[in-house]
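1. Sharing a model prediction with you, sequence too.
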Amino acid sequence: MTLHLAVELDGDGAHPAAWRRSQHGPAELLTGRRTAQVARRAENAGFTLATFDDALTPPAAGPVGRIGAVERAAFVAPQTSSIGLAPVVATTYTEPFHVASQLASLDHASLGRAGWVVAAATEPAAAWGRTPVTGDGLAREARDAVTVACDLFDSWGDDAAIRDVATGRYLDRKQLHYIDFVGETYTVKGPAIVPRPPQGHVVVIAPDGLAPLPDVALVTTPARTAAPLTFLELDVVLDTDVPAQERLDALDAHTAWPATGRPRHVGSAAALVERLAELAGQVDGVRLHPLVLDEDLPVLSARVLPALFEARIATRPRDGASLRSTLGLARPANRFEVAS
């Protein structure tokens, strides 16, 4: 069974003090050059998917800012050709109409390689001019936002854009649809302002239970879910020229790595290969969170992924393939066309 491999590329790595071991100057982190360099390194390694974390407020430690995840993914889209690109976009407080427009645009820019990591925002509600959303409200807003986004993707037929210069017709108005969504806290009329994504819907990725049936459910223990695909979250600290535990201890001495709820691999590349081989069949994929990108990503590229490819436990995505195709997910039918 093929194991899909994803990697988180935010900042300098998963550890809050990862910047202390980075191989670039402080000013380089928040540049397009750095973002593209890391994404291309992950693509060349053979990862199926790269994700980009995000939040309204800066990280608790380390750099005091970050570029928006959607903007980073969009920037590297034309500079990559096979790796999926999935920014984190929170569903709490954000406007789903704008979220759907951003994600559809990303799918067009990447020629069908866009995903969406659904998250529940924890930032102060006042930053959005909203009252705080807590408890069951977080799941409700996620449910509504994903529903609205998918409906807006479908609000354009696949052939709605005509672009007929001779007749002066740009759109087939019969293929544009109102979604008329009415939720508990907002309503959305539609249609969208961006044509239907190449994939029909971008690939929806969410922690298990947060959003209505996603394409990929993220879990912290190996277990199957009701979603078509299940990916295990895994923190990774690998031996380099310095033992993994020593590297971790050195960073923890500066800033402790808060509990993430994710299992953690601390050790050799060979042991990680064995662990991932055991997970094949228990889950459909794994999203790796490297301790320090500049140190752990080269080890993953040289010693982990090649071993998995050779053993046919994992495969590289093909250039030009959509993310849905790479993951074996069907392209969703347009619900408005099905209804008619």
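-> On my side now, so go ahead.
2. tell me which residues in the top helix by length along the chain are buried?
-> Longest helix of the chain, by residue count under DSSP state H: helix 136-154. Buried residues in helix 136-154, counted by 16 or more other CB atoms under 10 Å: 138-154. Just so you know, the C-beta spots here come from the backbone N, C-alpha and C atoms, and that holds for glycine as well.
3. Over to stretch 4-20?
-> Those buried within stretch 4-20 under the rule 16+ other CB under 10 Å are 4-19.
4. contacting residues for the most centrally placed residue in the chain?
-> Centroid-nearest residue in the chain: A86, 2.8 Å away (criterion: CA atoms, centre = their mean). By CB atoms under 8 Å, 6 or more residues apart in numbering, the residues touching A86 are 6, 49-52, 73, 114-117, 203, 205.
5. Just give the closest residue to it, not the sequence neighbours.
-> Ranked by CB to CB, 6 or more residues apart in numbering and with sequence neighbours excluded, the top spatial neighbour of A86 is G115, at 3.0 Å.
6. you'd agree that neighbour is in a helix?
-> No - remark: G115 does not belong to a helix; assigned using DSSP: H, G, I helix; E, B strand; the rest coil, it is strand.
7. Tell me how far it lies from L49.
-> Relative to L49, G115 is positioned 6 Å away (CB to CB, to the nearest Å).
8. list residues touching both of those two?
-> 84-86, 323.
9. Could you dump the residues you listed into CSV with secondary structure, distance to Q37 and pLDDT added?
-> Output for these, formatted as CSV (DSSP: H, G, I helix; E, B strand; the rest coil; distance: CB to CB, whole Å; pLDDT from 0 to 100):
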residue, secondary structure, distance to Q37, pLDDT
G84, strand, 18, 98
L85, strand, 15, 98
A86, strand, 19, 98
L323, helix, 21, 98
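10. Out of these, which comes closest to G25?
-> When the shared contacts of G115 and L49 are compared for distance to G25 (CB to CB), L85 wins out at 25.5 Å.
11. got the phi/psi numbers for the residue nearest to the closest one when sequence neighbours are not counted?
-> The shortest distance from L85 to any non-neighbouring residue, by CB to CB, 6+ apart, is to A73 (4.2 Å). A73 adopts backbone torsions of phi -60, psi -40, taken as degrees, to the nearest 10.
12. my read: A73 touches L103, true?
-> No - at 9.4 Å, A73 does not count as touching L103 under the criterion of CB atoms under 8 Å.
13. Need the overlap of contacts for the two.
-> With CB under 8 Å, 6+ apart, A73 and L103 have common neighbours A114.
14. Can you pick out the residue with more neighbours from those two?
-> More neighbours surround A73 than the other of A73 and L103, with 32 against 27 (other CB atoms under 10 Å).
15. quick one: which of the contacts of A86 is nearest R173?
-> A114 (26.4 Å).
16. roughly how far apart are the closest one and C150?
-> 13 Å.
17. Any regions of this structure where pLDDT drops low?
-> For the chain, the stretches with pLDDT under 70 are 60-64, 122-123, 339-340.
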